[in-house]
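> One predicted model, sequence on top.
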Amino acid sequence: MSDMQLSVSDSPHIPVLIEPIINLISPVSGSWLDGTFGAGGYTRALLEAGADNVISIDRDPHVFDLAKKWISNYANRIQLHNDKFSNLGSYGSSFDGIVLDLGLSSMQIDEPNRGFSFVKDGPLDMRMSGSGPSAADLVNNLAQSDIANILYFFGEERLSRRIANAIVTRRAEKPFTSTLDLSNVIENCLPRKKPGASHPATRSFQALRIATNDEFTELYKALFAAEKALRCGGILAIVTFHSLEDRIVKRFLQLRSGSAGNSNRYAPELKSEEKHFEILNRKAIVAPDPELLQNPRSRSAKLRIAKRLSSEPGPNLLPSQLGVPLLEGKYNA
């Protein structure tokens, strides 16, 4: 692993939980798909570990500029595509493995002009692809009830109604255009931050980013696309960064592995499907202490890995079966 660490150390984004991924799936070989290219950390690690080739996709067109510095080191072994990972099935089938890192990269968070940060001033954008409605469009134009629902269902913000009311009241005077403007309004309508607690705007900014990029729809579609694109014996590795994402991935793998249990003892027994996946880690893998020290942003990361057992995909599952947060008019199955 030391050679691999050296090869990716010049990246501005440290790939989270890469060592556990490589260790669990070793030996690495064949064709892989990296559905969230970012700064290329997972792609490079897979190639260093023995993958013959990697198809890498990302919806953010800016990330590929960084790859120009090192991609020639892996001549003809990497294909780069600007696309959503829900479309990963368009790039082939019978992959030996697919990896998805659902978190923002450090370079996206640290660049104020992208609008993801609530502590650095920049345009209130949050669009991964740079197209479509921005976060500013949402907070300036949606009904108060819709804003509250986004904050509650996508960010698990308990004071969503209070925040939505503050947003609508303020935008009547002047529309929101900057991240710190919105962050300050959110912070001023919540209780004072306790020592060691996360920033008051954390959940709200997460929710708006998810809504702006339709992230739960993307994840829902990507899970089924990945299942169809993997060969029998292929590996699916997914790193999540908050409880809502992890719940969706966990539920999908439970249902596909025949290990789903009842969350409510009074509910009718849930019949598990036949096994289409074997879960390789029963409990989610979290970052070890050395990685936490090197990369504090890995503290919320959870890794789940499963092996494809059959060549035929399982039956369709509704978003509600996976615990996908539903808003009116979204996720029509």
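Looks like it arrived, so ask away.

> Tell me the confidence at Pro191?
On the pLDDT scale, Pro191 is placed at 82.

> for it, helix, strand, or coil?
What DSSP: H, G, I helix; E, B strand; the rest coil gives for Pro191 is coil.

> Distance of it relative to Asp60?
Taking C-beta to C-beta, to the nearest Å as the measure, Pro191 and Asp60 are separated by 35 Å. Where C-beta positions appear, they are placed from N, C-alpha and C, glycine not excepted.

> of those two, who's got more company?
Asp60 (20 against 8; other C-beta atoms under 10 Å).

> if I pick the more buried one, what's in contact with it?
By C-beta atoms under 8 Å, 6 or more residues apart in numbering, the residues touching Asp60 are Gly38, Gln108, Met128, Ser129, Gly130.

> Report how many residues lie close to Lys228.
Lys228: 14 neighbours (other C-beta under 10 Å).

> Chain neighbours aside, what residue packs nearest to it?
With sequence-adjacent residues excluded and distances taken as C-beta to C-beta, 6 or more residues apart in numbering, Lys228 is closest to Pro313, at 5.0 Å.

> what sits against that neighbour?
Taking C-beta under 8 Å, 6+ apart, one finds Phe224, Glu227, Lys228, His276 in contact with Pro313.

> ok, the third one touching Leu88?
Okay, so that is Lys228. No. Look at Lys228 against Leu88 with C-beta atoms under 8 Å: they stay out of range, at 9.4 Å.

> Identify the contacts common to those two.
Counting by C-beta under 8 Å, 6+ apart, Lys228 and Leu88 have no common neighbour.

> Distance-wise, check the spatially most central residue of the chain relative to Arg209.
Geometric centre of the chain, nearest residue: Leu102, 1.9 Å, by C-alpha atoms, centre = their mean. Using C-beta to C-beta, Leu102 is found at 12 Å from Arg209.

> and for these two, which residues touch both?
Residues touching both Leu102 and Arg209 by C-beta under 8 Å, 6+ apart: Glu215.

> Quick check: next helix or strand after the longest strand anywhere in the chain?
As assigned by DSSP state E, the longest strand anywhere in the chain is strand 230-240. For strand 230-240, the succeeding helix or strand toward the C-terminus, using DSSP states H and E, is helix 243-257.

> how distant is that next one from the center of its chain?
13 Å (C-alpha atoms, centre = their mean, to the nearest Å).

> Identify the residues contacting it?
In this structure, residues lying in contact with helix 243-257 by C-beta under 8 Å, 6+ apart are 102, 154, 156, 216, 219-220, 223, 227, 238, 240, 260-261, 272-273, 275-279, 284, 302, 304, 306, 314, 317, 321-325.

> now it: mean pLDDT?
Here the average pLDDT along helix 243-257 is 96.

> elements contacting the helix or strand following it?
Per DSSP H and E, the first helix or strand lying C-terminal to helix 243-257 is strand 277-279. Judged by 3 or more C-beta pairs under 8 Å, 6 or more residues apart in numbering; DSSP states H and E, the packing partners of strand 277-279 are helix 243-257, strand 302-308.

> in the longest one, what's buried?
By that I understand helix 243-257. Judged by neighbour count (16 or more other C-beta atoms under 10 Å), helix 243-257 contains these buried residues: 244-246, 248-257.

> Compile these into TSV and extend it with columns for distance to Arg203.
Formatted as TSV, those follow (distance: C-beta to C-beta, whole Å):
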residue	distance to Arg203
Leu244	11
Glu245	14
Asp246	16
Ile248	18
Val249	20
Lys250	20
Arg251	22
Phe252	24
Leu253	26
Gln254	26
Leu255	28
Arg256	30
Ser257	31
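
> Name the nearest of those residues relative to Leu47.
For the buried residues of helix 243-257, the closest approach to Leu47 (C-beta to C-beta) belongs to Val249, at 24.7 Å.

> quick one: contacts for the nearest residue in space to that closest one that is not next to it in sequence?
Leaving aside its sequence neighbours, Val249 sits nearest to Ile238 (C-beta to C-beta, 6+ apart; 5.1 Å). For Ile238, the contact set (C-beta under 8 Å, 6+ apart) comprises Val99, Leu100, Leu102, Val249, Leu303, Arg304, Ile305.
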